[in-house]
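J.: Got a sequence here, can you build the structure:
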Amino acid sequence: MKKGQDQNTLAESQTEAFDTEYVREEYFITICAALDSILNVDSPLRIADFGGGAGYFVDRLVSYYPNAFVYNIDLSETLIGRNKENPRKELVLGSFLDFEPHEKLDIVCLNWVIHHMVGDTLDETRDLQQRALAQAAACLKPGGLLLIFENIISGAISDQISSGLLFWGTSSR
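T.: Numbering: from 1, shown residues only. As a prediction, this is how the structure comes out:
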């Protein structure tokens, strides 16, 4: 891992493992059905995918919503470089913790990214994760939606023990 801004980040060679689409088709259909019932999908939609990698998820959103404009933000130059070009997609190489959209967003996606926000201590890790959620909220327009897919690890005795063990086992330098 390399140190990047306030968080530890994967080396470019490690990002290869994340060049895949994790949102299965049945989940995508369910998401779109829910969004269709909540949003005015006939008006322009502004969407950002924080940690969007090679852009598979935002490409599907742009394809499904003809009025959508998306931002794909990622720290990995390798994964950003693998994105398909689209006039309704802007690629942002960098940390979404510093991202400022041109206008407030309808949707911010954090799909399988929060668990990658690891500091040098468990408290730093929690702070980074809280900052990520606060940044996402700050980018949203009133009534905007935060869409999160994440691994949830529940413990038999305490959820904090599980998250502490996960941090301990994965925060190796």
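J.: Is it correct that residue 137 is in contact with residue 145?
T.: No. Counting by C-beta atoms under 8 Å, residue 137 does not reach residue 145; the two are 10.7 Å apart. Just so you know, the C-beta spots here come from the backbone N, C-alpha and C atoms, and that holds for glycine as well.
J.: Just want to know which of the two has more residues nearby.
T.: residue 145 (16 against 11; other C-beta atoms under 10 Å).
J.: how near is that one to residue 85?
T.: According to C-beta to C-beta, to the nearest Å, residue 145 and residue 85 sit 26 Å apart.
J.: same thing with residue 147?
T.: 24 Å.
J.: More neighbours: those two, which one.
T.: Between residue 147 and residue 85, counting by other C-beta under 10 Å, residue 147 is the more crowded of the two (18 against 7).
J.: burial measure for the nearest residue to residue 111 once chain neighbours are set aside, as a count.
T.: Of all residues beyond its chain neighbours, the one nearest residue 111 is residue 149 (4.4 Å), with distances taken as C-beta to C-beta, 6 or more residues apart in numbering. Counted with other C-beta under 10 Å, the neighbours of residue 149 add up to 15.
J.: check contacts around residue 149.
T.: Neighbouring residues of residue 149 by C-beta atoms under 8 Å, 6 or more residues apart in numbering: 22-23, 27, 110-112.
J.: Quick one: low-confidence residue ranges for this protein.
T.: Within the chain, the segments meeting pLDDT under 70 span 1-22, 151-173.
J.: how about the strands in it?
T.: For the chain, the strands defined by DSSP state E occupy 2-4, 7-9, 45-50, 68-74, 89-93, 105-111, 140-149.
J.: possible to save those strands as CSV with distance to residue 125?
T.: What follows is those, written out as CSV (distance: least, C-beta to C-beta, whole Å):
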stretch, distance to residue 125
strand 2-4, 14
strand 7-9, 8
strand 45-50, 17
strand 68-74, 20
strand 89-93, 23
strand 105-111, 15
strand 140-149, 17
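J.: Buried residues, stretch 110-124. List them.
T.: 110-119, 122, 124 (16 or more other C-beta atoms under 10 Å).
J.: Likewise for stretch 100-112?
T.: Buried, per 16+ other C-beta under 10 Å, within stretch 100-112: 101, 105-112.
J.: rewinding a little: okay if I get the buried residues of stretch 110-124 as JSON lines plus distance to residue 64?
T.: Shown next, in JSON lines, are these (distance: C-beta to C-beta, whole Å):
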{"residue": "110", "distance to residue 64": "19"}
{"residue": "111", "distance to residue 64": "15"}
{"residue": "112", "distance to residue 64": "20"}
{"residue": "113", "distance to residue 64": "21"}
{"residue": "114", "distance to residue 64": "24"}
{"residue": "115", "distance to residue 64": "26"}
{"residue": "116", "distance to residue 64": "26"}
{"residue": "117", "distance to residue 64": "28"}
{"residue": "118", "distance to residue 64": "32"}
{"residue": "119", "distance to residue 64": "36"}
{"residue": "122", "distance to residue 64": "38"}
{"residue": "124", "distance to residue 64": "37"}
